[in-house]
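*Asks:* Give me the fold of what follows.
(one chain, ligands or ions: 1)
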Amino acid sequence: MDTEVTLRQLIGGDWLDGEGEQVRSTDPTHPDHVVAVGCLAGPDQVDAAVRAATAAAPSWAATPYHARGEVLQRAAGVLEREAERYGRELTREEGKTLAEGVGEVRRAAAVLRYCAGEADREAGQLFHSPRAGQRILVVHRPVGVVGVITPFNFPIAIPAWKIAPALVHGNTVVWKPAGLVPLLAQRLAEALVEGGLPAGVLNLVIADSRTGRRIVDHPGVHAVTFTGSTGVGRSIAAACAARGAAVQAEMGGKNPAVVLADADLELAAEQVLLGAFRSCGQKCTATSRLVVEDAVADDLLALLSAGVERLVVGDPLDQATQMGPLVSAGARSTVDDGVRKAVAQGARAVGSPGTQLPDDGWFSRPALLELPSPSLEVWREELFGPVLSVLRAGSAAEAFHLAGDNEFGLSAAVFTRDLGAALAAVDALDVGVLHVNDESAGADPHVPFGGSRASSLGPKEQGTASREFFTRSTTVYLRG
Ligand code: UN1
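*Replies:* The predicted model follows:
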């Protein structure tokens, strides 16, 4: 059995014991196995982290972009070197399959390398002036101290895509990771320290949400970037707005896949299954709704239910496993209650995995539910688990209407061979990310990521878009 790792806080360059209650991360596959143990940060430690970040800010901001980028490059090298070990720890702490765990560590490294390249990209803009002898420049400066609050479901990739742009653009960071996955947070912080990050530039506080909230409310924190639920995101945004701090919130999704009558059904079934059940459906980009045109609905449902029956659910460290457990007991009861309620309201469960679920661990059955109407909660509300709800539509227009009629607007997938129909989806669906003939999840490091309406607030993440949030611009009227 793997040994328990000791958790520490990183404050002002020192690895410290927390001053609060004990925290333990456990393995969702074997809930009595402890992955990492330590003590939570106390409120004074959060304040100390903000002080350390404030003190480190001027010299980090004055460090050239290329030198900041080199730290990220070296940290990326550490993650690549340790990918197998950290990937295994990720799987033990979060429950996604080993391939996804290792893949996520490598993805975090790729994000760091992408952000390091910021030094080689355009730095601002130059405009003509209406006045002779003048030019107008737009330059970008660091925001200052950035609060980073991250979720459990991508324990290292999401932190990487918030922290790396914050750092390369010259900010210092106070980071509170999700309490369920503190070990992977510690691993990313360690990699950055090994990469040569100066003391105080990144501060890691493993805290409960009440103590973590101090970061949001702290007058020394100039901007907060958050990923998590819509309710928490909106309350953080309100608190930030009230004190004039910038906020970026990536929140929920209820992402539809639309399968039109002309689609390649084998491809659609394969991609919809990946979108719905990979990471046990615990992605804000997961496919949780499917609208299929009547003409192909029976055929698609047959393919999907055969796929669900073949799905190997089990120990995520086992190479053959395709779906591991949910992250916690609470997550499992939310999902199982949601499915039971939907069935009581008339949803029809189609297909069930051929393999027996393990007795131990927070396992839930992948659920494929054909609904009697779009009024069921399971069609509207995010369950964050392996649940795919299905509705039939009489036409492409009705399919787009059903898909779009939802408060969330993160991602969507459309399956068709008709370019015109794919382009119609761009106009019909108010989403931040649209996949054509591809699953609804996924976010490459070099392109913007984020949604609309209840899914996101503030500037988008990733790619060159991230500069908007992590810098302030100054328009310089320059007459020589
Ligand atoms: C992905 O689809 O690979 O929390 C990334 C989430 C999103 C990121 C999804 N913010 O699931």
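*Asks:* which ones are touching the residue nearest the centre of the chain?
*Replies:* By CA atoms, centre = their mean, the chain has its centre lying nearest to Ile158, at 4.9 Å. Counting by CB atoms under 8 Å, 6 or more residues apart in numbering, Ile158 touches 150-151, 227. The way it works is simple: take the backbone N, C-alpha and C, and place the C-beta from them, glycine included.
*Asks:* got a winner among these for most neighbours?
*Replies:* Thr150 (28 neighbours; other CB atoms under 10 Å).
*Asks:* what's the helix or strand for the spatially closest residue to that residue that is not a sequence neighbour?
*Replies:* Ranked by CB to CB, 6 or more residues apart in numbering and with sequence neighbours excluded, the top spatial neighbour of Thr150 is Pro159, at 4.7 Å. Using DSSP states H and E, Pro159 falls within helix 157-168.
*Asks:* just to revisit the earlier point, can you flag which of the contacts of Ile158 belong to strands?
*Replies:* Counting by DSSP state E, the part of these found in strands is Thr227.
*Asks:* and the contacts of Ile158 near the ligand, which?
*Replies:* For the ligand, the contacts drawn from the contacts of Ile158 by CB under 6 Å from any ligand atom are 151, 227.
*Asks:* In CSV, list the contacts of Ile158 along with pLDDT.
*Replies:* Shown next, in CSV, are the contacts of Ile158 (pLDDT from 0 to 100):
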residue, pLDDT
Thr150, 98
Pro151, 98
Thr227, 98
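*Asks:* Can you show me the strands along the stretch 251-400 of the chain?
*Replies:* Shown for the stretch 251-400 of the chain, the strands assigned by DSSP state E, counting those that start in this stretch span residues 255-259, 287-293, 348-349, 367-370, 387-393.
*Asks:* Of all these, which one is nearest His446?
*Replies:* strand 255-259 (21.6 Å; CB to CB).
*Asks:* Downstream of the helix or strand Gln186 falls within, the next helix or strand is which one?
*Replies:* Element membership for Gln186 (DSSP H and E) is helix 182-194. Counting by DSSP H and E, the next helix or strand C-terminal to helix 182-194 is strand 202-204.
*Asks:* In terms of secondary structure, what does the next helix or strand after that next one contact?
*Replies:* Using DSSP H and E, the helix or strand that follows strand 202-204 in sequence is helix 209-217. In terms of contacts (3 or more CB pairs under 8 Å, 6 or more residues apart in numbering; DSSP states H and E), helix 209-217 is packed against helix 43-62, strand 145-149, strand 172-176, helix 230-243.
*Asks:* please redo it, this time with the cut-off set to 6 Å
*Replies:* helix 43-62, strand 172-176, helix 230-243 (3 or more CB pairs under 6 Å, 6 or more residues apart in numbering; DSSP states H and E).
*Asks:* Can you give the contact residues for the longest one?
*Replies:* With CB atoms under 6 Å, 6 or more residues apart in numbering as the test, helix 43-62 has contacts from 9, 11-12, 19, 142, 144-145, 170, 172, 174, 200-201, 203, 205, 211, 214, 218, 220.
*Asks:* For stretch 149-158, measure first residue to last.
*Replies:* From its first residue to its last, stretch 149-158 covers 10 Å (CA to CA, to the nearest Å).
*Asks:* Any residues of the stretch 351-480 of the chain in contact with the ligand? List them.
*Replies:* 441-443.
*Asks:* Just the buried subset of the residues you listed, written out for ChimeraX, thanks.
*Replies:* Selecting only the buried entries of those in ChimeraX, with 16 or more other CB atoms under 10 Å as the criterion:
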select :441,443
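*Asks:* Of the residues of the stretch 351-480 of the chain next to the ligand, which is the nearest to Leu184?
*Replies:* Looking across these and measuring by CB to CB, the closest to Leu184 is Ala443, at 18.0 Å.
*Asks:* The closest one and Phe449 touch, don't they?
*Replies:* Yes. If you go by CB atoms under 6 Å, Ala443 and Phe449 touch, sitting 4.3 Å apart.
*Asks:* quick one: Ile11 from the ligand, how far?
*Replies:* Counting by CB to the nearest ligand atom, to the nearest Å, the gap from Ile11 to the ligand is 27 Å.
*Asks:* Nearest to the ligand: which residue in the stretch 1-150 of the chain?
*Replies:* Arg107 (8.0 Å; CB to the nearest ligand atom).
*Asks:* Which strand or helix spans the residue of the chain positioned farthest from its centre?
*Replies:* Distance from the C-alpha centroid of the chain, by CA atoms, centre = their mean, peaks at Ala132 (48.6 Å). For Ala132, there is no enclosing helix or strand under DSSP H and E.
*Asks:* Same check on Thr225?
*Replies:* strand 223-227.
*Asks:* Off-centre distance for that strand?
*Replies:* Chain-centre distance of strand 223-227: 12 Å, with CA atoms, centre = their mean, to the nearest Å.
*Asks:* quick one, it and strand 145-149 angle?
*Replies:* Orientation check (axes from the mean of the first three to the mean of the last three CA atoms, to 10 degrees): strand 223-227 against strand 145-149 gives 10 degrees.
*Asks:* Relative to strand 223-227, what are the paired strands and their orientations?
*Replies:* Using DSSP bridges, strand 223-227 pairs in its sheet with strand 145-149 (parallel), strand 246-250 (parallel).
*Asks:* Looking at those strands, which is nearest to Ala178?
*Replies:* Per CB to CB, nearest to Ala178 of the strands paired with strand 223-227: strand 145-149, 8.5 Å.
*Asks:* Need the residues that contact that closest one.
*Replies:* 53-54, 162-163, 166, 171-176, 215, 220-226.
*Asks:* could you redo the last one with a cut-off of 8 Å?
*Replies:* Identification of contacts with strand 145-149 by CB under 8 Å, 6+ apart yields 50, 53-54, 57, 159, 162-163, 166, 171-176, 212, 215-216, 218, 220-228, 236, 470.
*Asks:* Test for you: state the pLDDT assigned to Gly133.
*Replies:* pLDDT, Gly133: 96.
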